[in-house]
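>>> No letters, just coordinates:
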């Protein structure tokens, strides 16, 4: 059969809000042109993030009812611990309420002021937690990752030459670990190859540095290794995932992605002494080490999700759904990061709106236009998110993207067709995109709380009609 169908059926439905252009204009103005400030009930298709917005399975919902809520040593923790050990091979498992809590615990314990933490590309909370302790997050992606249109299989790989040069030039004590994010969210959801991970492992061994995976999307990375790395084409997702974990000393994970849950995360380690130190730290802020800020039912759902996410039928559909959206936009001439990533499609906002300069926040302008036109919420991953506001002058970042993050098991192919049509409409009217400016911003993670405004009123133009919505930013 040529027609691809979702490998599940819908058992419970939730109404989708459908709003008018006038309502969206008022909402965006009240939100100060920051999509994080929008009420969710004014969003028709929500692609802001794939984190914590998964539709859980019937088996997971069933597990919630059997959760053991004992404060210490619950059977739900034991089941979760065994699931993580089976997956990763790491003996020491520490639950946390989400990924950034795992980052905070690890970095506050082993990273110190003045340290350097290299990685393929650190995402926003990872970078913020590294900088919070006075260290510097160093991004070392391969050169191809900075060319959105270049179609190569493993654009998430870490640049081995630059890593080697950094390790040679830096005292060992100043590099406590290397972090490889699989898949690389900051570079377009691009996968990391086993070959690259193995080479990074070799450099870490040579210089005596620990290697940790940010494993939020490990299953999607494993599936794309299966598709794109010839030596692994006949292996199961579980076997490939285990090979990835075998090359590292530990991992930190937001289970809100490939754990298929709405809340939760963990640290998993080989080093027992480090694990004990982390547990002492977590009691201060996360809770007892066998619940880590979570209810027992959350641990049950995570244990189940970590098993379900490696189902080949699920992964084949998941990656194909994202790829279909990306390929449709590419065929329409919309500039995107190629090839399609594992969890999202990334629009190249500078190529999308070349009339806007890098400091005009073209990605945020594009994201706002998409919401105004069709009620689709996305997120800017560019100048607003990654720009530096510590000094009076701000330099352009190297990539300015808009991410359409696809929640797991939530939207149908038809709903994503609507998204493709909306993006194509906005692209056809791209000259109407306006420069934005920041009115107010917090000192860290500014994209979550910044207030913005357009620099000028839009020029009058005839709207293009699609699905009752008009193109052109107000």
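On my side now, so go ahead. Worth saying up front: this structure is predicted, and the values here are computed from it rather than measured.

>>> what's the helix or strand where residue 26 lies packed up against?
Here residue 26, judged by DSSP states H and E, is contained in helix 21-30. With contacts defined as 3 or more Cβ pairs under 8 Å, 6 or more residues apart in numbering; DSSP states H and E, helix 21-30 has these neighbours: helix 362-374. C-beta coordinates here come from the backbone N, C-alpha and C atoms, glycine included.

>>> Measure how the helix it packs on sits relative to helix 21-30, angle-wise.
Angular relation of helix 362-374 and helix 21-30 on a 0 to 180 degree scale: 150 degrees, by axes from the mean of the first three to the mean of the last three Cα atoms, to 10 degrees.

>>> Tell me the strands beside the next helix or strand after helix 362-374, with direction?
Following helix 362-374 in sequence order, the next helix or strand is strand 376-377 (DSSP H and E). With DSSP bridges as the test, strand 376-377 is paired with strand 45-46 (parallel).

>>> any residues touching the partner strand, and which ones?
16, 40, 53, 374-377, 407, 411, 415, 418-419 (Cβ atoms under 8 Å, 6 or more residues apart in numbering).

>>> can you pull the buried residues of the helix or strand following it?
Remark: after strand 45-46, the chain's next helix or strand is helix 58-65, criterion DSSP H and E. Applying a neighbour-count criterion of 16 or more other Cβ atoms under 10 Å, one finds 60, 63-64 buried in helix 58-65.

>>> With adjacent residues omitted, what lies nearest to residue 217?
residue 183 (4.8 Å; Cβ to Cβ, 6 or more residues apart in numbering).

>>> so the one you found sits right up against residue 213, yeah?
No: between residue 183 and residue 213 there is no contact under Cβ atoms under 8 Å: 11.0 Å.

>>> Tell me where the model's unsure across this protein.
Within the chain, the stretches with pLDDT under 70 are 388-392, 456-474.

>>> What residue spans form the domains of it?
21-50+312-470, 61-308 (automatic domain parsing).

>>> closest one to residue 12 among those?
Residue 12 sits nearest to domain 61-308 of all these, at 9.0 Å, using Cβ to Cβ.

>>> what's the span of the closest one from first residue to last?
Criterion Cα to Cα, to the nearest Å; first-to-last residue distance in domain 61-308 is 13 Å.

>>> again with stretch 27-43
Across its full length, stretch 27-43 reaches 10 Å between end residues, using Cα to Cα.

>>> Can you point out the buried residues in that stretch?
Result for stretch 27-43 [16+ other Cβ under 10 Å]: buried residues 27-28, 31, 33-35, 38, 42-43.

>>> Stretch 94-104 now?
For stretch 94-104, by 16+ other Cβ under 10 Å, it's 94-104.

>>> how much space between the residue positioned nearest the centre of the chain and residue 168?
Residue closest to the average C-alpha location in the chain (Cα atoms, centre = their mean): residue 185, at 4.7 Å. Remark: distance between residue 185 and residue 168 (Cβ to Cβ, to the nearest Å) = 28 Å.

>>> cool, and residue 111?
According to Cβ to Cβ, residue 111 stands 20 Å off from residue 168.

>>> Would you mind telling me which of the two has more residues around it?
residue 111 (23 against 10; other Cβ atoms under 10 Å).

>>> if I read this right, that one contacts residue 136, doesn't it?
No: if you go by Cβ under 8 Å, residue 111 and residue 136 don't touch, sitting 10.0 Å apart.

>>> what do the two both touch?
Residues touching both residue 111 and residue 136 (Cβ under 8 Å, 6+ apart): 117, 130.

>>> The domains of the chain: which one's closest to residue 10?
Short answer: domain 21-50+312-470, nearest of the domains of the chain by Cβ to Cβ, at 8.4 Å.

>>> residues contacting residue 250?
Neighbours of residue 250 in contact, by Cβ under 8 Å, 6+ apart: 90, 210, 212-213, 267-271, 274.

>>> Considering the residues you listed, which possesses the most neighbours?
The most neighbours of any of the contacts of residue 250, using other Cβ under 10 Å, belong to residue 267, which has 29 neighbours.

>>> any chance you could map the strands in the stretch 101-250 of the chain?
Applying DSSP state E, counting those that start in this stretch to the stretch 101-250 of the chain gives strands spanning 116-119, 136-139, 177-181, 210-214, 250-254.

>>> can you check the stretch 301-450 of the chain too?
Remark: strands assigned in the stretch 301-450 of the chain by DSSP E, counting those that start in this stretch are 344-348, 376-377, 379-381, 401-405, 436-440.

>>> out of the ones you listed, nearest to residue 320?
The nearest among the strands of the stretch 301-450 of the chain, by Cβ to Cβ, is strand 344-348 at 12.9 Å.

>>> That closest one vs helix 362-374, what angle?
Going by the same axes, to 10 degrees, strand 344-348 makes 110 degrees with helix 362-374.

>>> In terms of secondary structure, what does strand 344-348 contact?
Here strand 344-348 touches helix 312-331, strand 401-405, going by 3+ Cβ pairs under 8 Å, 6+ apart.

>>> Leaving out the residues flanking it, which one is nearest to residue 136?
Nearest residue to residue 136, sequence neighbours excluded (Cβ to Cβ, 6+ apart): residue 116, at 5.3 Å.

>>> ok, how many other residues are close to the one you found?
Residue 116 has 19 neighbours, counted by other Cβ under 10 Å.

>>> With distance to residue 447 added, can I get the strands of the stretch 101-250 of the chain in CSV?
CSV is the format used below for these (distance: least, Cβ to Cβ, whole Å):
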stretch, distance to residue 447
strand 116-119, 20
strand 136-139, 16
strand 177-181, 18
strand 210-214, 19
strand 250-254, 18
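
>>> For residue 381, list each beta-bridge partner.
Beta-bridge partners for residue 381, by DSSP bridges, are residue 401.

>>> wait, doesn't the residue nearest to residue 136 sit right on residue 139?
No: contact criterion Cβ under 8 Å: residue 116 and residue 139 do not qualify, at 11.4 Å.

>>> any chance of the domains of the chain in TSV, with distance to residue 12 too?
Output for these, formatted as TSV (distance: least, Cβ to Cβ, whole Å):
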stretch	distance to residue 12
domain 21-50+312-470	12
domain 61-308	9
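
>>> between the ones you listed, which gets nearest to residue 7?
Closest of the domains of the chain to residue 7 is domain 21-50+312-470, at 4.2 Å (criterion: Cβ to Cβ).

>>> can you give me the helices for the stretch 1-150 of the chain?
For the stretch 1-150 of the chain, applying DSSP state H, counting those that start in this stretch gives helices covering 21-30, 58-65, 75-88, 99-110, 124-132.

>>> Is it possible to get a markdown table of the ones you listed that adds distance to residue 384?
Formatted as a markdown table, the helices of the stretch 1-150 of the chain follow (distance: least, Cβ to Cβ, whole Å):
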| stretch | distance to residue 384 |
| --- | --- |
| helix 21-30 | 15 |
| helix 58-65 | 35 |
| helix 75-88 | 35 |
| helix 99-110 | 19 |
| helix 124-132 | 11 |
